[in-house]
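Visitor: What follows is a predicted structure for the sequence shown.
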Amino acid sequence: MVGRPNRPSALSATPGLAPQPQVTFSDDNSRVSAVLPTGESVTVLLYGATVTSWTDATGAEKLWLSSAAHLDGTKAVRGGIPLVFPVFGTAPDHAQTGKLPQHGFARTSRWEFLGKSTSESAGGSGAADLTAKLDFGLSAAGLDEAARKLWPFAFNLIYSVNLNRESLTTSLVVTNDDDKAFDCQVLMHTYLRVKDISNVEVLGLESAEYVDKVDGAKTKTQAAAVTITGETDRVYTPAGEAVTVVEGGKKTYSVTRDNLSNVVVWNPWTDKAAGMGDFEPKDGYKNMLCIEPGSVSGWQSLEPGDAYEGAQTITYYS
Ligand SMILES: O=P(O)(O)OC[C@H]1O[C@H](O)[C@H](O)[C@@H](O)[C@@H]1O
């Protein structure tokens, strides 16, 4: 057999032209990665279409992933960006989704890798402006029988993960392919990596209403910047589209929402982290903060043929 190097090349070889740096894509049966010529990278597990890693050019990880996370398709991934669909938490009183497990089935289903592409931003000058795009799909045919029975609708999900030098954008399009209407909720459960949660402030939620899930689901109004000093689990409905994470007085991330009206802020703190078998190290709650853009305080009601799209863009500042 004639051997062919299967290591992907990072250089294109157009005859007569200097080689242009390219995005390096790789995929196997379980995950897909893209690496920009400048070094930034993203990895997506087909199980759940879960982003498990996003690094900057130096290889520094921007997402938190538990060292005990199950990456073998036996349990939703603890860390990265799990996708929540079609129900956030559980909704026992909601007829269509009431029997589904916590956060639905998108994060525990195996998605199909639909394809990859590279684009250059307008006015870009080459490698520095490349965006790598990975697309994933899930429809009723991709669900296991149990999930199909619990949510018996024909649907189509397209999840796109876009990586450029400064940011990661994830967007989800939900299409109703059924002849009946269905309700759904959508959320991107992003685990941001932080150095020390005690130095973190979240800006952009001042004066927003929120439901405090650790205080009897009371509705409250955020007075000032959010700081995390204990278990925190809040569903905000902010007026603005961006929240900013500041650490030690320095802006480290901004998270911008497109057509997602809520943002959940979650940190399990000591006791809850101790109670989760897949949360390691146990003091890892100090190094993570979930900022979860979603549409979860009501329902997206999709008529047959209708589609809904929501997206987040996370930008980091080093
Ligand atoms: O343990 P999981 O099912 O992954 O859920 C983790 C967390 O997700 C969201 O942030 C919810 O608001 C929390 O109530 C929940 O504890």
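Guide: Here it is on my side, so go on. Model, not experiment: these values are computed from the prediction.
Visitor: Isn't residue 191 up against residue 69?
Guide: No: using CB atoms under 8 Å, residue 191 makes no contact with residue 69, being 9.9 Å away. To be clear about C-beta, it is placed using only N, CA and C from the backbone, and glycine gets the same treatment.
Visitor: Spit out the residues that contact the two alike.
Guide: Common contacts of residue 191 and residue 69 (CB atoms under 8 Å, 6 or more residues apart in numbering): 79, 80.
Visitor: The ligand contacts on the protein?
Guide: 76, 89, 102, 103, 213, 233, 264, 266, 290, 292 (CB under 6 Å from any ligand atom).
Visitor: tell me the phi and psi of the fifth one?
Guide: It refers to residue 213. phi -70, psi -10 (degrees, to the nearest 10).
Visitor: Same question for the fourth one.
Guide: In terms of degrees, to the nearest 10, the main-chain angles of residue 103 are phi 70, psi 10.
Visitor: can you pull the contacts of the spatially closest residue to it that is not a sequence neighbour?
Guide: For residue 103, ignoring the flanking residues on the chain, the nearest one in space by CB to CB, 6 or more residues apart in numbering is residue 84 at 4.4 Å. Shown in contact with residue 84 (CB under 8 Å, 6+ apart): 103, 104, 106, 107, 185, 186, 187, 188, 189, 292, 294, 296.
Visitor: Now residue 84: which helix or strand?
Guide: Using DSSP states H and E, residue 84 sits in strand 83-84.
Visitor: Listing partners with orientation, what would you give for the helix or strand that that strand is followed by?
Guide: Reading on from strand 83-84 to the C-terminus, the next helix or strand found by DSSP H and E is strand 112-120. Applying DSSP bridges to the sheet, strand 112-120 is found paired with strand 130-139 (antiparallel).
Visitor: Could you check the pLDDT of residue 10?
Guide: Per-residue pLDDT puts residue 10 at 47.
Visitor: Likewise for the one 3 residues further on?
Guide: Here, the pLDDT recorded for residue 13 equals 49.
Visitor: I'd like to know how far the residue nearest the centre of the chain sits from the ligand.
Guide: Centrality entry for the chain: nearest residue to the mean C-alpha point is residue 81, 3.4 Å, by CA atoms, centre = their mean. For residue 81, the distance to the ligand equals 12 Å [CB to the nearest ligand atom, to the nearest Å].
Visitor: low-scoring stretches of the stretch 51-200 of the chain, by residue?
Guide: By pLDDT under 70, the weakly predicted segments of the stretch 51-200 of the chain are 122-128.
Visitor: What residue in it comes nearest to the ligand?
Guide: Using CB to the nearest ligand atom, the closest approach of the stretch 51-200 of the chain to the ligand is made by residue 102 at 4.5 Å.
Visitor: Isn't residue 170 up against residue 161?
Guide: Yes: assessed by CB under 8 Å, residue 170 is found in contact with residue 161 at 5.4 Å.
Visitor: any residues in contact with both of those two?
Guide: Shared contacts of residue 170 and residue 161, counting by CB under 8 Å, 6+ apart, come down to residue 51.
Visitor: leaving aside the residues next to it on the chain, what's closest to residue 148?
Guide: Residue 148 sits nearest to residue 140 (CB to CB, 6+ apart), 6.0 Å away.
Visitor: can you tell me how far the closest residue to the ligand within the chain sits from residue 53?
Guide: Of all residues in the chain, the one sitting closest to the ligand is residue 266 (3.4 Å; CB to the nearest ligand atom). Distance of residue 266 to residue 53, given as CB to CB, to the nearest Å: 20 Å.
Visitor: that older thread, and of the contacts of residue 84, the nearest to residue 136?
Guide: Among the contacts of residue 84, residue 106 lies closest to residue 136 (CB to CB), at 10.2 Å.
Visitor: contacting residues for the closest one?
Guide: Contacts for residue 106 (CB under 8 Å, 6+ apart) come out as 48, 49, 83, 84, 85, 86, 138, 157.
Visitor: swap the cut-off to 6 Å and go again
Guide: Contact analysis of residue 106 by CB atoms under 6 Å, 6 or more residues apart in numbering lists 83, 85.
Visitor: one step back: what is the closest residue to the residue nearest to the centre of the chain other than its chain neighbours paired to in the beta sheet?
Guide: Counting by CB to CB, 6+ apart, residue 51 is the residue found nearest to residue 81 once chain neighbours are left out, at 4.0 Å. Under DSSP bridges, the beta-bridge partners of residue 51 are residue 44, residue 81.
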